[in-house]
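Q: pasting the sequence and the predicted model now:
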Amino acid sequence: MKQKLTDFALVTIGSFISAIAFNSMFVENHIASGGVGGLAISMNALFGWNTANFVLYANIPLLLLCFFLLGKEVFIKTVYGAWIYPIFIKLTAGLPTLTHNVLLAAIFGGVVLGFGLGLVFIGHSSTGGTGIIIQLFEKYTPIPLGTSMALVDGIVVGLGFVAFDADTVMYSIIALLSITYAVNLVMAGADSSRNVMIISKHHRQIEKYITKVADRGVTELPIIGGFTGQENRMLMTTVSRLEYQKLETNILSIDETAFIIVMPATQVKGRGFSLQKTHQNLEEDILIPM
């Protein structure tokens with residue numbers, strides 16, 4: 001229940017932040033940066049259609065496709081974000097445009113909107129729209145995810161040529177790149193872990209600390225020194241970003257000459273990370289509630 005409430009809060013806050021960036025940076029500057037939101041800006045310029053209403057109504061057939069083709073579980077995770085995002089767009093429609101410098105709006109608006117979307121994704125949801133189409137491509141075609149994202153958003157940005165001049169469309173592309181960068185940064189920051197490799201003459205003590213005190217798994221690998229030719233042991237463990245500093249401090253307190261290699265691990269699956277940590281042998285894995 002706590003996880004579900006956290007997800008709910010992240011989706012709500014993220015949608016609100018994205019809506020603010022959309023109305024205060026993109027609409028008046030005609031930045032159609034992909035997705036249903038970008039298409040809404042083009043339709044607003046061409047026909048005067050309300051952007052919030054367009055996003056809301058466009059999501060209805062897409063959510064139906066989600067329900068029938070992607071399944072009930074994906075639909076449930078998507079429907080709230082797809083509903084609350086256009087509501088927030090409507091509520092924040094009266095905000096003043098923060099800058100009429102289109103380049104600044106594309107860069108900073110993209111970063112803020114991408115940050116909001118990143119929070120939504122961390123909350124295991126989405127704002128619907130073309131994200132549903134991308135999921136359909138991923139499920140039913142051999143097209144890679146990155147290619148399908150570029151294809152779908154590229155078409156939406158390309159439609160901007162009908163409504164705007166070439167300069168505006170190029171600013172939209174800059175905004176799309178800013179959004180993508182910010183989303184990836186938020187997602188990596190939230191999920192990032194550290195893969196740590198340790199070589200030490202006191203590897204038994206360090207191994208005991210990692211398993212008994214730090215409560216993390218550890219793998220022991222046989223190695224041979226390239227210079228000395230002597231056999232040794234290397235320990236490998238994976239910890240969260242917040243756990244790493246304490247781990248390093250305690251390793252060095254055991255052996256101040258320990259050789260430590262740290263590598264970022266932006267996606268870790270398994271017990272203690274994507275699966276519930278347990279010290280019992282279970283017949284079936286228990287997933288963390290989404």
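A: Nice, I can see it.

Q: what average pLDDT does the one helix or strand Met170 maps to get?
A: For Met170, the host element (DSSP states H and E) is helix 166-191. For helix 166-191, mean pLDDT rounds to 85.

Q: and that helix, what does it pack onto?
A: helix 102-122, helix 145-163 (3 or more Cβ pairs under 8 Å, 6 or more residues apart in numbering; DSSP states H and E). No exception for glycine: its C-beta is placed from N, CA and C like everyone else's.

Q: which strands and helices sit next to the longest one?
A: Secondary structure elements in contact with helix 102-122, counted by 3+ Cβ pairs under 8 Å, 6+ apart, are helix 2-21, helix 166-191.

Q: dump it to PDB, keeping only the CA atoms.
A: What follows is helix 102-122 as a C-alpha-only set of coordinates in PDB (Å, rounded to 0.1, in the frame of the first residue of the first chain):
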ATOM      1  CA  VAL A 102      12.100  30.200 -28.200                       C
ATOM      2  CA  LEU A 103      15.600  28.600 -27.700                       C
ATOM      3  CA  LEU A 104      15.400  29.100 -24.000                       C
ATOM      4  CA  ALA A 105      11.900  27.800 -23.900                       C
ATOM      5  CA  ALA A 106      12.900  24.700 -25.900                       C
ATOM      6  CA  ILE A 107      15.900  23.900 -23.600                       C
ATOM      7  CA  PHE A 108      14.600  24.800 -20.200                       C
ATOM      8  CA  GLY A 109      11.000  23.900 -20.900                       C
ATOM      9  CA  GLY A 110      12.200  20.500 -22.200                       C
ATOM     10  CA  VAL A 111      14.300  19.900 -19.000                       C
ATOM     11  CA  VAL A 112      11.400  20.800 -16.700                       C
ATOM     12  CA  LEU A 113       8.800  18.800 -18.700                       C
ATOM     13  CA  GLY A 114      11.200  15.900 -18.900                       C
ATOM     14  CA  PHE A 115      11.800  16.000 -15.200                       C
ATOM     15  CA  GLY A 116       8.100  15.800 -14.600                       C
ATOM     16  CA  LEU A 117       7.700  12.900 -17.000                       C
ATOM     17  CA  GLY A 118      10.600  11.100 -15.300                       C
ATOM     18  CA  LEU A 119       8.700  11.300 -12.000                       C
ATOM     19  CA  VAL A 120       5.700   9.800 -13.700                       C
ATOM     20  CA  PHE A 121       7.800   6.900 -15.100                       C
ATOM     21  CA  ILE A 122       9.300   6.300 -11.700                       C
END
